[in-house]
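*Asks:* only geometry, no sequence info:
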Ligand SMILES: NC(=O)C1=CN([C@@H]2O[C@H](COP(=O)(O)OP(=O)(O)OC[C@H]3O[C@@H](n4cnc5c(N)ncnc54)[C@H](OP(=O)(O)O)[C@@H]3O)[C@@H](O)[C@H]2O)C=CC1
Ligand SMILES: O=C(O)C1=N[C@H](C(=O)O)C[C@H](O)C1
C-alpha cells in the first residue's frame, strides 16, 4: 500500500519502520512545517499528529476519498462531525484512542469489571495514567475511553482530574520522562482493593496496531474502531 503519514513525530517514525517491514511504501510525510500536500496516489493515510491538526487532517482525507486511520487524541469534541463527514462522503474512517492489542483486551476487562462493580456500592473507583512529559493532552485518550465504559456500567456521572464531586471519580494524570503509556483502574473498599493495569513497554504495540488497522480499512467503507479490526467485544 502507498501510505501517507500525517504527523511524523515519535509515533509516525515507529509506524514508518513497521509499515516498511510489512512491505508498504511511505509516500508522504507531513509535519508542522509542511505548507501544503497532495493526497494523490495514497491508498490510506495514518494520522498521529497533534490535537489542533487532527480534524483538518481527517477532513482532508475524507474530502479526497482517502481512507483515514487516526490515533491522535485530544480532539474528540469534533468526533461526531468527522463521522457525519465520513457518511456524507461515503468514506472510510477508523479512530482508536489506543491501537495496541493489549489495551484493547484491557478495555474488555475494564467493561466486565465495571459491570460487576456497578452493583457493589462499597467500592469506589479511581484511575491513574502515566505518560512522557511531551504529551499535550490530559487525561489520555485511553483513560477517557476507560472512563466512558465505567460511567456506562456504574452510577458514576463523570470524572475530574482534581476535586471530583461525590458522583464523580478522579483520573490522576502523571507526566514522567520517557514513559510510553501506563493505565491503572483501582476499585477500593474498606476491606480490600482490586486493580487492573496495562503497561506499554514501548510504542511498538500502538504502531503495529495502527498499520494493521490501515491494512484492514483500505477496502472498507464506513466508520470503524479497533474493536472491528480485532473482532473482539
Ligand atoms: N491511539 C494510539 O494508540 C496512540 C495515540 N497517540 C497520540 O498520537 C499523537 C501523536 O503522538 P506522538 O507521535 O507521540 O507526538 P509527537 O509530538 O512526537 O508528533 C506529532 C507530530 O505531528 C506533527 N504535526 C504538528 N502539526 C501538524 C499538522 N498540522 N499536520 C500534521 N502533522 C502535524 C508534528 O510536527 P513537528 O515535529 O514539526 O512539530 C510531529 O511530527 C498524540 O495525540 C498522541 O496522544 C500516541 C501513541 C499511541
Ligand atoms: O501520547 C501518547 O504517547 C499516548 N497517547 C494515547 C492516549 O492518549 O491514550 C495512547 C498511549 O497511551 C500513548
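*Replies:* The structure has been received and is ready for your questions. Everything numeric in this text was worked out from a predicted model, so none of it was measured. Numbers count the residues shown, from 1 in each chain. Ligands and ions are numbered 1, 2, ... in the order given.

*Asks:* bridging residues for the nearest residue to residue 169 once chain neighbours are set aside?
*Replies:* Leaving aside its sequence neighbours, residue 169 sits nearest to residue 125 (C-beta to C-beta, 6 or more residues apart in numbering; 4.9 Å). C-betas here are computed from N, CA, C, even on glycine. Under DSSP bridges, the beta-bridge partners of residue 125 are residue 187.

*Asks:* End to end on stretch 92-108, go ahead and measure it.
*Replies:* Counting by C-alpha to C-alpha, to the nearest Å, you get 25 Å between the two ends of stretch 92-108.

*Asks:* That one close to ligand 1?
*Replies:* Yes: contact of stretch 92-108 with ligand 1 is found when judged by C-beta under 6 Å from any ligand atom, involving 96, 97, 98, 99.

*Asks:* helix/strand/coil for the last one?
*Replies:* It refers to residue 99. Here residue 99 is recorded as coil under DSSP: H, G, I helix; E, B strand; the rest coil.

*Asks:* which ones are touching the residue nearest to it when sequence neighbours are not counted?
*Replies:* Closest residue in space to residue 99, ignoring its immediate chain neighbours: residue 209 at 3.0 Å, by C-beta to C-beta, 6+ apart. Applying C-beta atoms under 8 Å, 6 or more residues apart in numbering to residue 209 gives the contacts 96, 98, 99, 100, 101, 104, 226, 229.

*Asks:* Quick check: residue 209 vs ligand 1, distance?
*Replies:* Here residue 209 is placed at a distance of 7 Å from ligand 1 (C-beta to the nearest ligand atom, to the nearest Å).

*Asks:* Is that residue part of a helix or strand, or is it coil?
*Replies:* Judged by three-state DSSP, the three-state class of residue 209 is helix.

*Asks:* This completes my enquiry, with thanks.
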